[in-house]
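Got a predicted structure here, sequence first:
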Amino acid sequence: MLTGLLLLSVIVLAFIVIHFYTKLKQLEQRIKSVDESLQHLRQNGYQTDWIKESLVPLDKKNNAIKEQIPVVQEEAGRISTQPYEKIETEFQVEKAGDEFTSEVSEPIQVKPENQSLQAEVPDLGSMEVQDARTKTEWEMLIGGKWLNRIGAIALILGIGFFIKYAFDHEWINETARVLIGAVIGGLLLWGGARSYKKNIPIFGQGIVGGIAIFYLSAYATYNFYQLVSYEIALLLMTSVTILAFQQAMRYNSLAISILGWIGGFLTPFLLNSGEVSTIGLLSYLAFLAVGMVWITVKKEKWRVLYFLTFVGIYLISLIWIIHLSNRQSEFGWLFFFTTLFWAIFYLFENYLLIRPRRKRFSFLICHVGNTLLYYVTLIILFLPDHRKWMGLITLSVGILYLIPILLQGRFSSLHKLSPWQEDRFSLTFYSLLIMATTWEWMKFPLVYLWTIEAFLISIIGIHWKKQASHWFGVGLLSLTSWYLLFLSSNEVVSIPLWNQRALACLLLAFAFGVLAFFYGTAKLRYAKRISQIYHLTWAIFIWIGILSVEWINGLEKWLFPNDPQFILLMVLFASWMFYSLVIHWFGIRFKLECMIYLSWIIMAVSIFGVVTVGFSYEPIHSFIPVLNLRLLVFLIAVFILWIHLKWWQSQKIVDNKWIPLTFTLGIAGLMFELVSVEVLDYFNRLLLHQQYSDHFIHLQQWSLSITWLIYSSILMTIGIWRKIQSVRFLSIGLFGIAILKIFVFDLQFLDTLYRIISFIGLGLILLGISFIYQKYKHWFRQW
């Protein structure tokens, strides 16, 4: 009895839900009707601002009109005495408590043709604003509809209590009890049919009480009295469900269809004997799914049944599969019915394609959910024993989603897909294609295939201007890049530059490079920006993947297997500098400002590495002044910086006044460190073969000061010769550093002879420069 009361509670709740859903749909229809009316008025030239003005309360309007009657009468008398060709008016109108003045200084020509137009404008002041419902409508709603619903529910409860009372006093045997319920249900159906024929449709919908009593009777035959077997009880409940939908279609009643849906999906649980077979349950669910889809085809406005069915089918089947203990023994049937559920909803989705007026966006959630839930169910079924089939099945399902795109417009019954439908099918196919690839391959072969797929998908999006395809390609390339970086961090290769990692990096860089040129000419949103990003990406992949990771492994294995890290790093930084030159040329050639900036970044990183590593030569015992690798790399850096500067001056794609100063400081700074470390390491190498002494250290510092003075003089000479003011300022700054070092630091420990030489040299150099500034000061002013 508790189960029966629970069923009644569910039915009452269903009525409440149906009532509010119906009210919501009616409100949507009314709003849509008002919008269409306003749109029609706008299309015919009417202005809608007067609608707001007409909504002023009537009492305020009447007061305002009464106050203006004397003014209007006086003005009318004055106008009647003047010719109609020239009428000048000046009056005040007070409206709804707000005062304004309207003055017409120009003569008003009264034309007869305007009278027809004025006649068409409605007199809004005489219109009344009515309530949403009149008292009569409320009375009919409550008395005709609500009381009908409540009466049906009350009748069901009353009959239920009567039968319970009769059962408790044993007035009626078990068979008679069931037959009484069937007779009462039949009488309610007959009464509802009669009411419907007599044009009382709302009262006729009370037949839902008969459907509910039929459910109760069929339920009692098995659960209460065991008068019939489980199979017969299931057949009776199914028959009632079919009857409910037949009555719903006949009387066009969504309420009855919802009741049938609830009864249909509760039947397996109400008749649960503890030994439900998988085939029986899933067959019943498939029968329900087909029926609900058929009803949705016939009654599109009842699409809420489709949504409820979709959720119910997958919810019940997933719960059953997850909690099934012998899942693998019934694998074949589970796979068959799971695929059948997906096929039912998939075919309905394709049915919408041949009905152009039914391309409703509201079905999209169910369509996407159908694919997603089906795939989740397959993963649960196939893992871990049948994993090898996942790739083939995933690809097969993906091809089925590609077919509607290929066939659109080729047959008269198959109309062209709407943009969101085409995106839905294409994105589903792409996603399943990627998943199929993932099931079959892994690691670097997966990177190859993902790269090729992303390249082709991007080409499709660019060529046919498909936003969804091109963004999917962008996302897949990004995912592939991150996956490659993850694999590279843990990969140990045996042959540098000739391995799967290097091939994957080159293939991905090639894809980015080619797509960058395609996007450069594409007419898509953000195409130019994506082109620049792709150019930067392929250049960075070659820099990091090939010229860093692979190149370092190659240097360690082939060229410098036993040499110190110092030599390896110097060669690496030199290769980066030459690569920056290539990128700079590429940027100039194709007018890509972003590539020029990238080349400068690579050059800056290379110089930072050279300056940091080259501060101390290793090993010091192999150091040879002037003839060493460090000096060569420093000179290469200076030369490449100079080429960067010259290319910028010749093209000036990037215009910035600080660029020449930056390059000049970079060249001067590199040479300053070079001469300094060469002097320091020369004495450091001598110290390896001689006993440490303060005199030797003082000589090292004195030599460093003299070197700085000579270097400053050379800079000043170049600055005067080439008329470069920034170089001359830099030379003066270095002079200042040298002077400060000599007076503050060197003066404390230098011997008399070294002091004489230092100060005389310093004085002569400074006086010479001062003489040049004084004698040729007009040159400096002109520069």
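On my side now, so go ahead. As the structure is a computational prediction, the values presented were derived from the model and not from experiment.

Tell me the buried residues in stretch 364-371?
In terms of neighbour count (16 or more other CB atoms under 10 Å), stretch 364-371 has its buried residues at 366-367, 370-371. Using the backbone N, CA and C atoms, a C-beta is placed for each residue, glycine as well.

Return the member of those nearest to residue 625.
Nearest to residue 625 out of the buried residues of stretch 364-371 is residue 371 (CB to CB; 72.9 Å).

re earlier: format the buried residues of stretch 364-371 as CSV; extra columns: distance to residue 260.
CSV is the format used below for these (distance: CB to CB, whole Å):
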residue, distance to residue 260
366, 20
367, 24
370, 23
371, 28
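
Inside helices: which ones of the residues you listed?
Counting by DSSP state H, the part of those found in helices is 366-367, 370-371.

Save the buried residues of stretch 364-371 as TSV, and put in distance to residue 751 and pLDDT too.
Shown next, in TSV, are the buried residues of stretch 364-371 (distance: CB to CB, whole Å; pLDDT from 0 to 100):
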residue	distance to residue 751	pLDDT
366	96	91
367	93	91
370	94	95
371	90	95
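
Would you mind measuring from the residue found closest to residue 454 once you drop the neighbours it is linked to in the chain to residue 456?
For residue 454, ignoring the flanking residues on the chain, the nearest one in space by CB to CB, 6 or more residues apart in numbering is residue 476 at 3.9 Å. Remark: distance between residue 476 and residue 456 (CB to CB, to the nearest Å) = 10 Å.

Please identify which of those two sits among more neighbours.
residue 476 (20 against 15; other CB atoms under 10 Å).

Look up phi and psi at that one.
Residue 476 adopts backbone torsions of phi -70, psi -40, taken as degrees, to the nearest 10.

And the furthest pair within the ones in helices among the buried residues of stretch 364-371?
366 and 371 (10.1 Å).

picking up where we left off before, for residue 317, state which of the buried residues of stretch 364-371 is nearest.
Of the buried residues of stretch 364-371, the one sitting nearest to residue 317 (CB to CB) turns out to be residue 370, at 12.3 Å.

Identify the residue nearest residue 493 in space, chain neighbours excluded?
According to CB to CB, 6+ apart, the nearest residue to residue 493 is residue 499 (4.2 Å).

any idea how far residue 704 is from the one you found?
47 Å.

And residue 277, by the same measure?
Distance from residue 277 to residue 704, by CB to CB: 95 Å.

So for these two, which sits in the more crowded spot?
More crowded of residue 277 and residue 704, by other CB under 10 Å: residue 704, with 18 against 10.

Mind checking what secondary structure residue 384 has?
Secondary structure, DSSP: H, G, I helix; E, B strand; the rest coil: residue 384 is coil.

mind checking pLDDT for it?
pLDDT recorded at residue 384 is 80.

cool, and residue 405?
Looking at residue 405, the pLDDT reads 88.

What helix or strand is it located in?
helix 390-407 (DSSP states H and E).

contacts for that helix?
342, 346, 350, 353, 371, 374-375, 378-379, 382-383, 414, 417, 422, 425-426, 428-429, 431-433, 435-437, 439-440 (CB atoms under 8 Å, 6 or more residues apart in numbering).

rerun at 7 Å
Outside helix 390-407, the residues that touch it by CB atoms under 7 Å, 6 or more residues apart in numbering are 350, 353, 378, 382, 414, 417, 422, 425-426, 428-429, 432-433, 435-436, 439-440.

right, and the helix or strand after that helix?
helix 419-440.

Identify all contacting residues around the next helix-or-strand element following that next one.
Where DSSP H and E defines the elements, the next helix or strand beyond helix 419-440 is helix 443-463. Applying CB under 7 Å, 6+ apart, the contact partners of helix 443-463 are 430, 433-434, 437-438, 441, 466, 469-470, 472-473, 476-477, 480, 483-484, 487, 500-501, 504, 507-508, 511, 515, 518-519, 522, 524.

Look up phi and psi at residue 625.
Residue 625 has phi and psi values of phi -50, psi 140 when expressed as degrees, to the nearest 10.

Surely it and residue 684 touch.
No. Applying CB atoms under 7 Å, one finds residue 625 not in contact with residue 684, separated by 11.2 Å.

which one of these two has more residues nearby?
Ranked by neighbour count (other CB under 10 Å), residue 625 and residue 684 place residue 684 first, with 16 against 11.

Any idea how many residues pack against residue 267?
Number of residues near residue 267 (other CB under 10 Å) recorded here: 22.

ok, and the closest non-adjacent residue to it?
Using CB to CB, 6+ apart, the nearest residue to residue 267 is residue 237, at 4.3 Å.

Might you report the residue contacts of that neighbour?
Counting by CB under 7 Å, 6+ apart, residue 237 has contacts 215, 218, 267, 271.

Let me know the distance separating it from residue 216.
Residue 237 is 11 Å from residue 216, by CB to CB.

again, but for residue 514
From residue 514 to residue 216 the distance is 70 Å (CB to CB).

neighbour-wise, which of the two wins?
Neighbour totals were compared for residue 514 and residue 216, and residue 216 leads with 25 against 15 (other CB under 10 Å).

In what element of secondary structure is that one found?
Per DSSP H and E: helix 208-223 holds residue 216.

Show the subsequent helix or strand relative to that helix.
Of the helices and strands lying after helix 208-223 in sequence (DSSP H and E), the nearest is helix 230-251.

would you put the C-alpha positions of whichever helix or strand comes after that following helix in CSV?
Sequence order places helix 254-270 as the next helix or strand after helix 230-251, per DSSP H and E. Extracted in CSV, the C-alpha atoms of helix 254-270 (Å, rounded to 0.1, in the frame of the first residue of the first chain):
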residue,chain,number,x,y,z
LEU,A,254,0.2,17.0,-22.9
ALA,A,255,-1.0,16.2,-19.4
ILE,A,256,-2.0,12.6,-20.3
SER,A,257,1.2,12.1,-22.2
ILE,A,258,3.3,13.1,-19.2
LEU,A,259,1.2,10.7,-17.1
GLY,A,260,1.9,7.9,-19.6
TRP,A,261,5.6,8.8,-19.6
ILE,A,262,5.8,8.5,-15.8
GLY,A,263,3.9,5.3,-15.8
GLY,A,264,6.1,3.9,-18.6
PHE,A,265,9.4,4.6,-16.9
LEU,A,266,8.2,3.6,-13.4
THR,A,267,6.9,0.2,-14.6
PRO,A,268,10.2,-1.7,-14.4
PHE,A,269,10.7,-0.5,-10.8
LEU,A,270,7.2,-1.0,-9.7
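
buried stuff in helix 254-270?
Buried positions in helix 254-270, judged by neighbour count with 16+ other CB under 10 Å: 254-268, 270.

list the buried ones in the next helix or strand after it?
Using DSSP H and E, the helix or strand that directly follows helix 254-270 along the chain is helix 278-298. By neighbour count with 16+ other CB under 10 Å, helix 278-298 contains the buried residues 278, 281-282, 284-286, 288-289, 291-293, 295-296.

if we take those, which one ends up nearest to residue 247?
residue 295 (12.3 Å).

residues touching the closest one, list them.
Contacts of residue 295 by CB under 7 Å, 6+ apart are 245, 257, 302, 305.

Give me the buried subset of these.
Looks like those have 245, 257, 302, 305 buried, using 16+ other CB under 10 Å.

which of the contacts of residue 237 lies closest to residue 763?
Closest to residue 763, out of all of those and judged by CB to CB, is residue 267, at 111.6 Å.
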